[in-house]
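Asks: Curious how this folds, go ahead:
(one chain, ligands or ions: 1)
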Amino acid sequence: MRVIQDIDALRETRRAWRASEEEIAFVPTMGNLHKGHLRLVEEAKKVSSKVVVSIFVNPLQFGPDEDLDAYPKTLENDTAALAALDVDVLFMPKIDDIYSRGIEQQTFVEVPGLSYMICGASRPGHFRGVATIVCKLFNMVQPNHAFFGEKDFQQLQVIKAMVTDLSMNLIIHGIPTQRHEDGLAMSSRNGYLDHEQRAISPLLYLELCALRDRIKAGARNFSELIVAAKQRLSDAGFNPDYIELRSAQTLMQVGHEDKDLVILAAAFCGKTRLIDNLRFAI
Ligand code: PAF
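Replies: Modelled structure (predicted):
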């Protein structure tokens, strides 16, 4: 596995691959890799002859009071795990190369509508930061395929919309959320949880499952169900941010004709903001 920091060196490698008509898959990450990320790499390997993984903790997608400085860095483990999977290139660009004119001056990409609702309402500017860095990384890596976890369901929809709107020539793959045995979705932020918080953390997913089961059984009083679910999470020690039931296709409010639904949730467990979602059909 080659570790590349320099954007020109990455482009040089990309040029050589293009000459030999290689199919390129790309997995963008912020590091602190867990089994969920490694699954993305495994899926990427199935569709392409070359796999590029990036590690870049993107300041543009963090709010002023968020965990940018504390974001876990485990570079040695990450490098070993990616090398063991036979990744072709680990791309780790430097912040000054990515935002060479400074973050304040940075041209941005924003997907309207989708970026402002649900998580976007709680984290203003977050999806602008995500869309901008993903667009820039796509321009550098020029992949044929890119892989994202469905755990960040709204992020995946934002990226798909960006690719459509900007006529980008690649296929976006969403890969199912990887979970611990007790149901907690794998996330780099789980490492922040202390013993007590880790013990209650699976309740978030269990609450989503209970909501899904009630709706599948015919319950249609969605807002009452959601209020009750939030209350149970609060009683268990969470500070719920949102629980939303939406159309999985559009992320808009559920209409009578919608059959493909998703419940999206975010809740603080101590200071750690956990997100999760559950897609289902009715
Ligand atoms: O999902 C993530 O880890 C990040 O949002 C991404 C897609 C790597 C962009 O920084």
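
Asks: Only C-alpha atoms from now on, for both contacts and neighbour counts.
Replies: OK.

Asks: give the contact list for Leu114.
Replies: Taking Cα atoms under 8 Å, 6 or more residues apart in numbering as the criterion, Leu114 is in contact with Gly120, Gln154, Gln157, Val158, Leu251.

Asks: between these, which is nearest Pro202?
Replies: Nearest to Pro202 out of the contacts of Leu114 is Gln154 (Cα to Cα; 20.6 Å).

Asks: Find the helix or strand that the closest one is a member of.
Replies: helix 153-165 (DSSP states H and E).

Asks: Give the other helices and strands that the next helix or strand after that helix contacts.
Replies: Note on helix 153-165: by DSSP H and E, the next helix or strand toward the C-terminus is strand 171-175. Applying 3 or more Cα pairs under 8 Å, 6 or more residues apart in numbering; DSSP states H and E, we find strand 171-175 packed against strand 145-149.

Asks: okay, now Met140: neighbour count?
Replies: 14 (other Cα atoms under 10 Å).

Asks: Now do the SS call for it.
Replies: Three-state assignment for Met140 (DSSP: H, G, I helix; E, B strand; the rest coil): helix.

Asks: do the same with Val130
Replies: When classified by three-state DSSP, Val130 comes out as helix.

Asks: Touching, it and Gln61? I think so.
Replies: Yes. With contact defined as Cα atoms under 8 Å, Val130 reaches Gln61; the gap is 5.6 Å.

Asks: which of those two has more neighbours?
Replies: Taking other Cα under 10 Å, Val130 and Gln61 do not tie; Val130 has more neighbours (23 against 20).

Asks: all helices of this structure, in order?
Replies: Using DSSP state H, the helices assigned to the chain run over residues 7-19, 35-47, 75-84, 95-98, 119-122, 126-141, 153-165, 195-200, 203-216, 222-236.
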